[in-house]
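Colleague: Just need the structure, nothing else, for what follows:
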Amino acid sequence: MPQWVEIIIRTLITVVFLFLLTRLLGKRQISQLSFFEYITGITIGDIASAISLNIHEKWYLAAISLTVWVLVSLGIEFVQLKSQRVRGWLDGKGTILIKDGKVMEDNLKKERLTNEELLEQLRKKSVFRVAEVQFAVMEPNGEINVLLKKEYQPLTPSDLGVKVAPESEPQTVILDGKIMDEPLATAGFNHRWLNTELEKQGVSIDNVFIGQVDTYGQLFIDTFDDKLKVPEPQEKPALLATLKKCEADLEMFALSTNNKESKSLYEQCSKEMQKVIDGIRPLLIS
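Modeller: All right, here's what the predicted structure looks like:
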């Protein structure tokens with residue numbers, strides 16, 4: 001067998017074998033690497049390349065070595081799950097870099113991090129002033145997480161005392177001009193509804209690159225033709241306008257009648273309608 005053919009075959013076998021072993025190690029191996037996992041990844045890659053290219057050595061010996069490395073890695077992960085002490089020794093612990101707006105210089109030196117690198121990592125978190133940071137910590141995987149001081153955190157409905165309804169994940173109902181039946185059914189709609197919504201926006205199904213339905217049943221689309229301007233869904237603004245009109249009509253009825261009982265009833269209904277509007281306004285203007 002020619003050497004180039006043997007290399008191709010060995011490489012393909014190695015790719016499949018390495019893929020199976022990586023799946024066995026799990027997603028953490030490719031997302032959050034500890035020190036040992038970093039070493040394991042480098043070693044596995046080196047052994048895999050040796051299997052592919054070193055045609056003068058017996059390939060199964062390298063495969064055995066590769067399997068042993070994976071089994072050792074699995075064993076250490078199992079021990080880490082059972083022992084906090086081992087987990088702390090292998091993975092390390094988080095290091096506080098900023099506390100109450102004050103940079104911890106000693107910890108910065110301990111992690112061999114310069115002040116320019118720290119500022120760069122803060123900018124990646126959309127933080128440009130150290131004084132705004134309540135707490136910043138470098139995690140064992142090297143990532144820096146930041147907690148802003150209370151006065152610099154963005155407002156939430158909870159801060160304003162507003163209760164909002166829970167949202168479900170948007171459903172992608174159109175991809176590359178094709179209707180995705182399962183997400184469409186999950187959203188509670190059918191083809192007829194989808195075609196009607198597309199007609200409202202003046203877009204054909206063939207011109208839709210991505211179409212998504214949000215929690216409130218509104219269809220948002222992105223077209224293949226980037227120059228085509230698609231109008232935003234108007235259901236929520238229209239509903240808010242209708243509710244306001246109902247409230248205004250009730251006030252007008254209260255002013256136009258001379259019957260005290262009817263006037264009181266209209267005024268009470270107007271107040272109740274205003275409470276409804278105030279309650280759902282955050283949902284309709286988002």
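Colleague: and the helix or strand hosting Thr172, which strands flank it?
Modeller: Taking DSSP states H and E as the definition, one finds Thr172 inside strand 171-175. According to DSSP bridges, strand 171-175 forms sheet pairs with strand 178-179 (antiparallel), strand 208-213 (antiparallel).
Colleague: Contacts only, for Ser270.
Modeller: Shown in contact with Ser270 (CB atoms under 8 Å, 6 or more residues apart in numbering): 247, 250-251, 254. From N, CA and C alone the C-beta is placed, and that goes for glycine too.
Colleague: Just the CA trace of the strand holding Thr172, in CSV.
Modeller: Output of strand 171-175 as CSV, limited to C-alpha atoms (Å, rounded to 0.1, in the frame of the first residue of the first chain):
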residue,chain,number,x,y,z
GLN,A,171,-39.5,29.9,17.9
THR,A,172,-37.7,29.9,14.6
VAL,A,173,-40.5,29.0,12.1
ILE,A,174,-38.8,29.9,8.8
LEU,A,175,-35.2,29.0,7.7
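Colleague: Need the contact partners of it.
Modeller: Outside strand 171-175, the residues within contact range by CB under 8 Å, 6+ apart are 179-180, 183-184, 186-187, 189, 194, 205, 208-213, 219, 221.
Colleague: cool, stretch 188-203 as well?
Modeller: So stretch 188-203 is contacted by 173-174, 179, 184, 204-205, 208, 211, 213, 217, 219, 221, 223, 228, 230-231, 233 (CB under 8 Å, 6+ apart).
Colleague: Could you do stretch 115-129 as well?
Modeller: Contacts of stretch 115-129 (CB under 8 Å, 6+ apart): 97, 103, 108, 130, 133, 136, 144-146, 148.
Colleague: could you give me the average pLDDT of it?
Modeller: For stretch 115-129, mean pLDDT is 91.
Colleague: Near Asp106, how many other residues are there?
Modeller: By other CB atoms under 10 Å, the residues close to Asp106 number 7.
Colleague: Got the confidence number for it?
Modeller: pLDDT, Asp106: 91.
Colleague: Sticking with it, tell me its helix or strand.
Modeller: helix 105-110.
Colleague: Tell me the helix or strand right after that helix.
Modeller: Scanning forward in sequence from helix 105-110 by DSSP H and E, the next helix or strand is helix 115-124.
Colleague: Dump that next one to PDB, keeping only the CA atoms.
Modeller: Taking Å, rounded to 0.1, in the frame of the first residue of the first chain, the C-alpha atoms of helix 115-124 are listed here in PDB:
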ATOM      1  CA  ASN A 115      -3.300  46.700  34.800                       C
ATOM      2  CA  GLU A 116      -3.700  47.200  31.000                       C
ATOM      3  CA  GLU A 117      -4.900  43.600  30.600                       C
ATOM      4  CA  LEU A 118      -7.300  44.100  33.500                       C
ATOM      5  CA  LEU A 119      -8.700  47.200  31.900                       C
ATOM      6  CA  GLU A 120      -9.000  45.300  28.600                       C
ATOM      7  CA  GLN A 121     -11.000  42.500  30.300                       C
ATOM      8  CA  LEU A 122     -13.300  45.100  32.000                       C
ATOM      9  CA  ARG A 123     -14.000  46.700  28.600                       C
ATOM     10  CA  LYS A 124     -15.000  43.400  27.200                       C
END
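Colleague: Please state the offset of that helix from the chain centre?
Modeller: Distance of helix 115-124 from the chain centroid (CA atoms, centre = their mean, to the nearest Å) equals 23 Å.
Colleague: Give me the buried positions along that helix.
Modeller: 118, 121-122 (16 or more other CB atoms under 10 Å).
Colleague: Likewise for stretch 200-214?
Modeller: 201, 203, 208, 211-214.
Colleague: which two in these are spaced the farthest apart?
Modeller: Of all pairs drawn from the buried residues of stretch 200-214, the one with the longest distance (CB to CB) is Val203 and Asp214, at 17.2 Å.
Colleague: can you give me the strands in this structure?
Modeller: All strands of the chain, identified by DSSP state E, fall at 95-99, 102-103, 133-138, 144-148, 171-175, 178-179, 208-213, 219-223.
Colleague: Show me what the third one pairs with in its sheet, parallel or antiparallel.
Modeller: It refers to strand 133-138. In its sheet, and by DSSP bridges, strand 133-138 pairs with strand 95-99 (antiparallel), strand 144-148 (antiparallel).
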